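J.: coordinates only, no sequence provided:
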Ligand SMILES: C[S@@+](CC[C@H](N)C(=O)[O-])C[C@H]1O[C@@H](n2cnc3c(N)ncnc32)[C@H](O)[C@@H]1O
């Protein structure tokens with residue numbers, strides 16, 4: 001495997017934090033990241049609860065791996081070792097050029113494609129799984145670009161963001177991000193990564209999240225409305241659901257919020273958003289859509 005410090009030296013760059021450039025320099029972390037696509041790992045929640053770990057069999061298709069934010073290619077190199085084909089997206093022109101030079105043989109052999117551009121804008125290939133150390137400034141937008149593709153994802157985020165993604169109801173971390181992420185996938189925080197694993201070190205600790213796509217255990221007819229409704233109710237998380245529905249018609253798009261309040265169960269209306277399980281949000285969203293006359297925007 002290529003040495004991460006050697007890659008940085010050959011590229012002749014210093015990571016620029018203002019451009020979300022924090023390169024992984026810890027070989028053990030780099031080696032572990034692709035294994036989360038295949039390995040069995042206990043869930044962080046099992047460890048916290050003291051339950052015996054539930055091993056999960058993950059067997060992702062590695063025939064075409066996508067990496068967002070290639071940097072100097074240390075992770076790209078590990079992905080080439082496990083994937084038949086890899087596509088890497090890198091916005092920084094100098095780094096994209098370096099990747100093309102450093103991996104010229106792999107590109108010639110048809111194993112690697114370098115896309116120079118913004119991961120929020122470029123057309124993404126038909127990938128089978130993604131392993132990425134995301135640029136933190138746009139990590140949320142990238143995650144929500146990838147989730148609907150319904151492919152296994154191993155993504156590095158800021159620790160606090162990762163904790164909000166995996167959070168359960170009735171915890172301070174639980175919010176819109178938890179409900180909307182868990183809508184798409186089974187999400188686990190598989191490893192926390194200290195700042196020293198990166199060059200330059202970021203301001204805060206990081207965490208690796210694994211997202212395995214699955215259908216939610218509730219049905220929503222209108223996904224866009226469901227996600228908008230959840231967003232609206234969490235803007236008023238200190239209020240009861242009754243008042244949150246009434247106060248957020250401009251966000252949810254409900255023309256008749258009062259009709260939803262009239263139709264909903266009293267025990268739901270008394271709750272606060274932070275205590276609502278995704279299934280309860282889904283049922284309420286369905287009711288809101290049926291009686292609250294949502295507009296499309
Ligand atoms: C945290 S670094 C990870 C680099 C490398 N994969 C590693 O692990 O060492 C994120 C990379 O994403 C690139 N980047 C930042 N914003 C981007 C965007 N919008 N689209 C694509 N790449 C971006 C940065 O230039 C940087 O190389």
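T.: Received, thanks. Not measured: the values here are computed from a predicted model. Numbers count the residues shown, from 1 in each chain.
J.: what kind of secondary structure is residue 66 in?
T.: Look at residue 66: counting by DSSP: H, G, I helix; E, B strand; the rest coil, its state is strand.
J.: residue contacts, the residue lying closest to it once chain neighbours are set aside?
T.: Spatial nearest neighbour of residue 66, excluding adjacent residues (CB to CB, 6 or more residues apart in numbering): residue 127 at 3.7 Å. (Each C-beta comes from the backbone N, C-alpha and C, glycine too.) By CB atoms under 8 Å, 6 or more residues apart in numbering, the contact list for residue 127 reads 64, 65, 66, 87, 149, 151.
J.: of the residues you listed, which are in range of the ligand?
T.: Applying CB under 6 Å from any ligand atom, the subset of these adjacent to the ligand is empty.
J.: now, which of those sits nearest residue 139?
T.: residue 66 (14.9 Å; CB to CB).
J.: what about the closest one, neighbour count?
T.: Counted with other CB atoms under 10 Å, residues neighbouring residue 66 total 27.
J.: what's near enough to touch it?
T.: So, once contact is read as CB under 8 Å, 6+ apart, residue 66 ends up touching 86, 87, 88, 89, 124, 125, 127, 129, 130, 132.
J.: so what strands line up beside the helix or strand hosting the third one?
T.: In this case it means residue 88. Residue 88 is located in strand 85-90, with elements delineated by DSSP states H and E. Strand pairing for strand 85-90, using DSSP bridges, gives strand 64-68 (parallel), strand 112-116 (parallel).
J.: average pLDDT across the first one?
T.: Per-residue pLDDT values across strand 64-68 average out to 98.
J.: centre of the chain to it, how far?
T.: On the basis of CA atoms, centre = their mean, to the nearest Å, strand 64-68 sits 14 Å off its chain's mean C-alpha point.
J.: what's the answer for the last one, then?
T.: Computed by CA atoms, centre = their mean, the separation of strand 112-116 from the middle of its chain amounts to 22 Å.
J.: say whether the ligand is contacted by it.
T.: No: using CB under 6 Å from any ligand atom, strand 112-116 never reaches the ligand; the gap is at least 8.6 Å.
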